[in-house]
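Engineer: Quick check, what structure comes out for this input:
(4 chains)
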2 protein chains.
Amino acid sequence: MSEHVEGPIGVVPALVRSAFLVNSVYVNSAREYGLTQQQGQLLCVLMAQPYGMGELGAVLGLAKSSLTGLVDRSERNGLVQRQDDPQDSRAVRVALTRRGAKLAEEFYAETCRRVEVLATGLAPGERDTLAALLGRVVTDNKVPTVFL
Amino acid sequence: MSEHVEGPIGVVPALVRSAFLVNSVYVNSAREYGLTQQQGQLLCVLMAQPYGMGELGAVLGLAKSSLTGLVDRSERNGLVQRQDDPQDSRAVRVALTRRGAKLAEEFYAETCRRVEVLATGLAPGERDTLAALLGRVVTDNKVPTVFL
DNA sequence: CCCCGGTAGTTCGTTCTGCGAATTTGTTAC
DNA sequence: GTAACAAATTCGCAGAACGAACTACCGGGG
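Structural biologist: The predicted structure follows:
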C-alpha cells in the first residue's frame, strides 16, 4: 500500500486535529456533569458576569433564536435565570443561579484538568512556547473569550 | 474595575480557545458548501478510502445509530453511497460518489486555506514550531485522523 | 402627544444531530 | 446446526440551530 511516511505534520492539520481533540475532551467533560457542550459553554461565559441575550449571541456565535432555546433549557434545569434589565424593559440579563455557578466552577475546573493532561507529553518550556504561539493565533483572530 | 493585565495566556485556555476558533472556521466553511460540520467531516474521512459503518463510528466518535442518520442524509444528498461488502453481507462500505468526491476536494481545500489564514500572524519558523508541538499533542493522544 | 423606525427577545416550523434500547440479519465457533 | 457474537438499522426522544414572522418597547422627530 502507501508508504505513510507522514513526515512533519503541517500547521493546518495540526490545528484542525487538535481542535477536534480538545473539542471531544470538552464534550465528554460536559457530559459527565449532565451538560451538553453548548450548555457548558454558556455556563463558562456566564461565570465572568451576566449578559444580555444579544451579547451572548455575539460571544457564542449563535442566532438570537438559537439562544432562546439554549437559555430556556438551562433555565429549566435551574442553572441560569433571566433577570429584568432595569434600564430597558425589553432586555433581559442572563445570570447563573447559585446551583449553576457551583456546577460551572466544577465543570470548568475538571475540563481544565483534562485539557492540561493532553499536553503532558510536552516539556514545561514547550508548553509555554505552545501557549504563546496559540495565544497569538487567538488574539490575532479576535476570538471571543469563551473560556477564561 | 479590574486590571486586565492578562499576562501570558496559559496553555489550557490557549488550546480551548484555538479549538473554538478552528471549529467555527470549519463550520462556516462547510456551511458555504451546503454542508453541516458533521457532513463535512464525513466527506473528509472518506476522501482517503471507503469505510464500514463501524469504523466510521470509531473515527468520528459517534454511536452506530447516529451514523446511520448521517450517512442517510449524505446519501440522500448524493454525496456518498452504501456499497455491499463482498466479504460480509451484513456489512456495508460507505464511499464517496463522484459528486461527493468533488465537493470534498473543494471543501477540504477551502477549509485548509481558511485555517492557514489563522496562522498568518506567525513567522514561518513559528508556524513550524507550532505545527511540531501540536503534532506531538495529537499523536500523543491518538486522535483519529479526521483530517489529512 | 403621537407616531415611526429601530432594537431586544420570543415563537414557530423545520432540519440536523446524537443517544440508547430493541431488532434484524448474518457470521463464526463449537 | 445451534448458540453466541457482530454489523447495521429502526424507533423514540431531546437538544441544537436557523430564518422568518411577531411582540413589546425604546427613542427621536414632527
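
Engineer: so residue A:59 makes contact with residue A:46?
Structural biologist: No - taking contacts as C-beta atoms under 8 Å, residue A:59 lies outside contact range of residue A:46: 9.9 Å. C-beta: built from backbone N, CA, C; applies to glycine.

Engineer: Between those two, which is the more surrounded one?
Structural biologist: Set residue A:59 next to residue A:46 and count neighbours by other C-beta atoms under 10 Å in any protein chain shown: residue A:46 wins out with 23 against 17.

Engineer: quick one: the strands in chain A?
Structural biologist: Per DSSP state E, chain A carries strands over the ranges A:51-52, A:80-84, A:92-96.

Engineer: Does the first one reach DNA strand D?
Structural biologist: Put plainly, it is strand A:51-52. No - contact of strand A:51-52 with DNA strand D is not found when judged by C-beta under 7 Å from any atom of the strand; the minimum separation is 13.0 Å.

Engineer: Chain B versus the most centrally placed residue in chain A, what's the distance?
Structural biologist: Central residue of chain A (C-alpha atoms, centre = their mean): residue A:41, 4.2 Å from the mean position. Going from residue A:41 to chain B by C-beta to the nearest C-beta, to the nearest Å gives 8 Å.

Engineer: Run a quick neighbour tally on residue A:9.
Structural biologist: Neighbours around residue A:9, by other C-beta under 10 Å: 17.

Engineer: what about chain A, any weak spots by pLDDT?
Structural biologist: A:1-6 (pLDDT under 70).

Engineer: rerun that using 50 as the cut-off
Structural biologist: Within chain A, the ranges that satisfy pLDDT under 50 run A:1-2.

Engineer: Contact residues of it facing DNA strand D?
Structural biologist: So far as C-beta under 7 Å from any atom of the strand goes, chain A lies against DNA strand D at A:36-39, A:61-66, A:69-70, A:73, A:87-90.

Engineer: what residues are up against the nearest residue to residue A:120 once chain neighbours are set aside?
Structural biologist: Spatial nearest neighbour of residue A:120, excluding adjacent residues (C-beta to C-beta, 6 or more residues apart in numbering or on different chains): residue B:140 at 7.9 Å. Residues near residue B:140 by C-beta atoms under 8 Å, 6 or more residues apart in numbering or on different chains: A:118, A:120-121.
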